[in-house]
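> below are the sequence and a predicted model; questions follow.
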Amino acid sequence: MEKRTVTCIKRKLGKRKVYNIRIADNHNYFVNGILTHNCDDPHNVKQAESEAVRKGTLRWWDESMSTRGNNPKTVVKVVDMQRLHEADLTGHWLEKSGEDVVHLILPARFEKENKCVTVIGFEDPRTEEGEPLWKNLYDEESLSTLESDLGSEYAIAGQLQQRPSPRGGGMFEVDKFSYVDSIPPSEIVRTVRYWDKGGTDDPNNAFTGGCKMHKMKNNSFIVEHLVSGLWKAPKREKMIKNVAMNDGRATTIGIEQEPGSGGLESADATVKNLAGFSVRKDKVGKDKVTRAEPYATQIEIGNVYLLRGAWNADFIKQHELFPMGLKKDFVDCSSGAFNLLNGKGRAGTWGQKK
C-alpha cells in the first residue's frame, strides 16, 4: 500500500466557497443553517434480500423520518448508500418523490448509457466507457483488484456501479434471448400455461403471472404470451378461466402450490375452476432462485425465444433485475412453465391420488 508523509502545510490565499457545518446541542446537523438529515447505508447488506427487513427500512423512512424537521419547507434529507435491490430506499424514494430528489450517481467505472445528469445541472464529466471515477486513488489496477475481491457481479453492480443488478442481467443473461415473429404449429411438441398466483390487488404485494411456453421439435423453447395483474381471488380465478378458454384444451395448465394447507386449498380451488382442462398442481419446495436455475441455463446458451409482443420489455426487465427486482411474477411463471415442460415439477392432477 502506498504511504505518504506530510512534510509541510502552506496557507493558500484566495476566495473559496465554504459551508458552515455544525452540530447543535440536540445533535441535529445543520448546513448553512438548514436542518439536514443524513442517512448513511440504511440497508444491511446481508439482510437486503429479506423482504420483511427491506420493507421495514422503507416503513421507518416513511413513518419516522418524514416527521423529523422543524420547518418542512427548509429541511433537507441526504441518503448515502449502495444499491441492493430495485425497491431499496433509493428506489423507493425516487418512485415516491421523483423530480424532488437530486439523484447523484457516480459509478466506479463510467457507463455511457447511464451517464448521470442531475436536476440541478451536475453532469458526470467522464466520456470514456469504463473510465475510473478517481484515477489517482483507484487506477485501473486498483479497481480491477477491488472488483476481484468483491467477487459477485451483484456486489460489483451495487457497491461500485450503483445498480441493483449487473449490467445485462445477473442470473439471467438477457442479451441471449432471441425473438421470433411467428410460431409454426407443426413444430410444437407441447404447450404449457403456468400460473404463479398472487391473492390481492395491493400494488405492494405479489402480482399474478401466467406464462404460455412451447417446447419445440428442435428442443428449443418459445415464450408466446404473458398475463400479469393484481387481482383478488374471485377476479383472478375468472381471469385464469378466460385465458384457459382462449388457449384451448391442448394447452396444459400448471398451478403453483405454495407450502402449507393454505397453498393446497388455493391450488385445489383453481383446479376445480378449470374442470375439463388438463391441469397440473406444482408443489414447490425449493426457493425461487433454485427453481429458476435450469431455465437460466437454457437462456444462457440462447435456447429460449420470445414471440415479439408488447410484453417483451417488461419481461426482459424483470429477468435482468431478478432476484433483486421488485416484481418477480414473469420469472416465476416462466421458470415454472419451463420446469413443467421438462418434467421437473412435482405435478399431480385433480382427483388423482399421489
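Perfect, thanks for sending it.
> from here on, just use CA atoms for contacts and neighbour counts.
Noted.
> ranges for the strands of the protein?
Ranges of strands within the chain are 21-23, 29-31, 34-40, 76-80, 178-180, 188-196, 208-216, 221-229, 252-257, 279-283, 304-307, 347-348, based on DSSP state E.
> any chance of CSV for those strands, columns mean pLDDT and mean neighbour count?
Shown next, in CSV, are those (pLDDT from 0 to 100; neighbours: other Cα atoms under 10 Å):
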stretch, mean pLDDT, mean neighbour count
strand 21-23, 55, 13
strand 29-31, 66, 15
strand 34-40, 73, 16
strand 76-80, 85, 14
strand 178-180, 95, 14
strand 188-196, 96, 24
strand 208-216, 96, 25
strand 221-229, 96, 20
strand 252-257, 92, 25
strand 279-283, 90, 23
strand 304-307, 98, 21
strand 347-348, 42, 16
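> of all those, which one is nearest Leu106?
For Leu106, the closest of the strands of the chain is strand 76-80, at 11.7 Å, according to Cα to Cα.
> and that closest one, which strands flank it?
Paired neighbours of strand 76-80 in the sheet (DSSP bridges): strand 34-40 (parallel).
> so what's the gap between the partner strand and the chain middle?
Between the centre of strand 34-40 and the centre of its host chain there is 28 Å, according to Cα atoms, centre = their mean, to the nearest Å.
> check stretch 212-227 too.
Chain-centre distance of stretch 212-227: 24 Å, with Cα atoms, centre = their mean.
> can you list the domains in this structure?
21-160, 174-348 (automatic domain parsing).
> go through the ones you listed and find the least confident stretch.
Lowest mean pLDDT of these: domain 21-160, a mean of 80.
> hey, which of the domains of the chain is tucked in deepest?
Mean neighbour count, computed with mean count of other Cα atoms under 10 Å, is highest for domain 174-348 among the domains of the chain, reaching a mean of 18.
> any chance of a markdown table for the strands of the chain, columns distance to Phe172?
Putting the strands of the chain into a markdown table (distance: least, Cα to Cα, whole Å) gives the following:
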| stretch | distance to Phe172 |
| --- | --- |
| strand 21-23 | 46 |
| strand 29-31 | 43 |
| strand 34-40 | 31 |
| strand 76-80 | 29 |
| strand 178-180 | 13 |
| strand 188-196 | 19 |
| strand 208-216 | 17 |
| strand 221-229 | 15 |
| strand 252-257 | 22 |
| strand 279-283 | 23 |
| strand 304-307 | 11 |
| strand 347-348 | 25 |
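> re the thing from before, okay, the domains of the chain in a markdown table with distance to Lys12 next?
Formatted as a markdown table, the domains of the chain follow (distance: least, Cα to Cα, whole Å):
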| stretch | distance to Lys12 |
| --- | --- |
| domain 21-160 | 21 |
| domain 174-348 | 49 |
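> out of those, nearest to Leu13?
When these are ranked by proximity to Leu13, the top entry is domain 21-160, at 21.3 Å, counting by Cα to Cα.
> and the closest one, how far from the chain's centre?
Counting by Cα atoms, centre = their mean, domain 21-160 is centred 17 Å from the centre of its parent chain.
> can we start the residue count at 738 from this point?
Got it, first residue is 738 now, which makes that one domain 758-897.
> which residues are contacting stretch 1073-1082?
Contacts to stretch 1073-1082, defined as Cα atoms under 8 Å, 6 or more residues apart in numbering, come from residues 927-932, 948-952, 991, 993, 1019-1021, 1028-1029, 1031-1032, 1084.
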